[in-house]
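Chemist: no sequence on this one, just coordinates:
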């Protein structure tokens, strides 16, 4: 029996096989890499196209796309009637306080400073801070020609961008457009206490280090606690952030002394002087979805804006009211009514019910065990405001934006 042996392959043949295998691996890896990059690019583009604009720094943003708003038959007409009732009510309150008359002081002179006028679409809006101002600034910036994707990514100040495009209207220019029957003019009204609490949380509790509001909160703490607050620390210790009671005491005392308040909590009747202009619409913060849709359609810009604008109703009306109640319930009785008096005209102008101390006190008692109120050794003794007339402070203008 003969044994047969296989011939040993040559070295060159081995290298040829190995070379083909390596080449095949390279091709497969290249194909996988290209496919992966393409999938990644498509996903990024889809994410970019579907990304909704962000309007506030609040956590857990909840947006409502206007294109999904209800379109019931007759809804536009119903909103138009509501708008007329709101304007009629405001005019009655303006007449009650004599704020619709012309005079030599600020409250009896129309002030166009905070208004933005889009001439192309005949759209006029008074920019009231902490009342959907970021959302509407977005609208006006889109109308000014800014690309929505750019607006969602840029770190530029939206108000500065808008002023760069629109400037500030003169009084004559603003009045001429408001008197035009085709012009849509409006402001956004929010419950004064909700607006104040929003301003406190944004600008006092969470102000940027070394900003104007950071210096303000240090001043408030030093004033009411009789302690030395480090003025140049990068971050103010949490224990030294003013409580809501201290904050309210500070602005109430400033109002009593005739000092202009910060634009984020200046009463609207001073900030926009709406009694001196013939506005034809009032958007309410709590009904802003339907109100905003109505404004956009009336101005003929719904198709241009509706697909890219989203509203941010914070965490919902109920949550906003709970947050407001938690803070307002901390106020002692006298300071509470001083605060009501400070914003009394705003409450009346826009049809909000005047708050009662006992309502908030019952909320405070019910929440005492689960949400302890902050306590400090503050001496907030802000002098009481005596009459509504003292609250008017008619000779002083509110602090204005610089751009």
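Modeler: Looks like it arrived, so ask away. Fair warning: this is a prediction, and the values are worked out from it, not measured in the lab. Numbering: from 1, shown residues only.

Chemist: May I see the buried residues of stretch 227-243?
Modeler: For stretch 227-243, burial by neighbour count (16 or more other Cβ atoms under 10 Å) applies to 229, 236, 240-243. In short, each C-beta sits where N, CA and C put it, glycine included.

Chemist: swap that for stretch 113-132, please
Modeler: The neighbour-count check on stretch 113-132 (16+ other Cβ under 10 Å) flags 113-118, 121-132 as buried.

Chemist: any idea where the strands of the stretch 201-350 of the chain begin and end?
Modeler: Under the criterion DSSP state E, counting those that start in this stretch, the stretch 201-350 of the chain contains strands at 281-284, 310-311.

Chemist: Of the buried residues of stretch 227-243, which is the nearest to residue 271?
Modeler: residue 242 (22.8 Å; Cβ to Cβ).

Chemist: Need the phi and psi values for that closest one.
Modeler: Note on residue 242: backbone dihedrals following degrees, to the nearest 10 are phi -60, psi 140.

Chemist: so who does it touch?
Modeler: 204, 217, 220-221, 224, 250 (Cβ atoms under 8 Å, 6 or more residues apart in numbering).

Chemist: just residue 100 next, same as before
Modeler: 91, 94, 275-276.

Chemist: 7 Å - rerun?
Modeler: Going by Cβ atoms under 7 Å, 6 or more residues apart in numbering, residue 100 touches 91, 94, 275.

Chemist: Then residue 250?
Modeler: With Cβ under 7 Å, 6+ apart, residue 250 has these contacts: 220, 223.

Chemist: From residue 221, how far off is it?
Modeler: As for residue 250, its distance to residue 221 is 10 Å (criterion: Cβ to Cβ, to the nearest Å).

Chemist: Lowest average pLDDT across the strands of the stretch 201-350 of the chain?
Modeler: If you rank the strands of the stretch 201-350 of the chain by mean pLDDT, strand 310-311 sits at the bottom with a mean of 52.

Chemist: Pull the most distant pair out of the contacts of residue 242.
Modeler: Greatest spatial distance among these (Cβ to Cβ): 204 and 224, at 12.9 Å.

Chemist: picking up where we left off before, right, and out of the contacts of residue 100, which lies closest to residue 168?
Modeler: Using Cβ to Cβ, the contacts of residue 100 come closest to residue 168 at residue 275, 20.3 Å.

Chemist: wait, isn't the closest one in contact with residue 96?
Modeler: No - using Cβ atoms under 7 Å, residue 275 makes no contact with residue 96, being 10.1 Å away.

Chemist: More neighbours: which of the two?
Modeler: Set residue 275 next to residue 96 and count neighbours by other Cβ atoms under 10 Å: residue 275 wins out with 23 against 12.

Chemist: so what pLDDT did the more buried one get?
Modeler: If you check residue 275, the pLDDT there is 98.

Chemist: same deal with the one 10 residues further on?
Modeler: Looking at residue 285, its pLDDT is 95.

Chemist: Residue 348 too?
Modeler: pLDDT recorded at residue 348 is 98.

Chemist: wait, it sits on residue 92?
Modeler: No - if you go by Cβ under 7 Å, residue 348 and residue 92 don't touch, sitting 9.3 Å apart.

Chemist: and the gap between residue 358 and residue 164?
Modeler: Counting by Cβ to Cβ - residue 358 and residue 164 are separated by 49 Å.

Chemist: The two: which has the busier surroundings?
Modeler: Looking at residue 358 and residue 164 with other Cβ under 10 Å, you find the greater number of neighbours at residue 164, namely 13 against 9.

Chemist: Surely that one is in a helix?
Modeler: Yes - Residue 164: assigned to a helix according to DSSP: H, G, I helix; E, B strand; the rest coil.

Chemist: mind listing what it touches?
Modeler: Per Cβ under 7 Å, 6+ apart, neighbours of residue 164: none.

Chemist: By mean pLDDT, which helix or strand of this structure comes out lowest?
Modeler: strand 64-65 (a mean of 38; mean pLDDT, DSSP states H and E).

Chemist: could you point out which element follows that one?
Modeler: helix 75-97 (DSSP states H and E).

Chemist: That following helix: which residues count as buried?
Modeler: 79, 82-83, 86-87, 90-91, 93-94, 97.

Chemist: Looking at those residues, which one is closest to residue 147?
Modeler: Using Cβ to Cβ, residue 79 comes nearest to residue 147 of those, at 30.2 Å.

Chemist: Tell me the spacing between the spatially closest residue to the closest one that is not a sequence neighbour and residue 23.
Modeler: Take residue 79 and drop its neighbours on the chain: the residue closest to it by Cβ to Cβ, 6 or more residues apart in numbering is residue 294, 4.2 Å away. Computed with Cβ to Cβ, the distance linking residue 294 and residue 23 is 67 Å.

Chemist: In terms of neighbours, single out the busier of the two.
Modeler: Neighbour count, other Cβ under 10 Å: between residue 294 and residue 23, residue 294 has more, with 25 against 10.

Chemist: Can you give me the pLDDT of that one?
Modeler: Predicted confidence (pLDDT) for residue 294: 95.

Chemist: Just confirm it contacts residue 78, I think it does.
Modeler: No - with contact defined as Cβ under 7 Å, residue 294 does not reach residue 78; the gap is 9.3 Å.

Chemist: Looks like residue 338 contacts residue 252 (just checking).
Modeler: Yes - counting by Cβ under 7 Å, residue 252 is a contact partner of residue 338 at 4.8 Å.

Chemist: How are the helices of the stretch 51-200 of the chain distributed by residue range?
Modeler: Taking DSSP state H, counting those that start in this stretch to define them, one finds helices in the stretch 51-200 of the chain at 75-97, 133-143, 148-153, 158-166, 171-178, 192-200.

Chemist: Just tell me which of those helices ends up closest to residue 304.
Modeler: Nearest to residue 304, of all those, is helix 133-143, at 7.4 Å by Cβ to Cβ.
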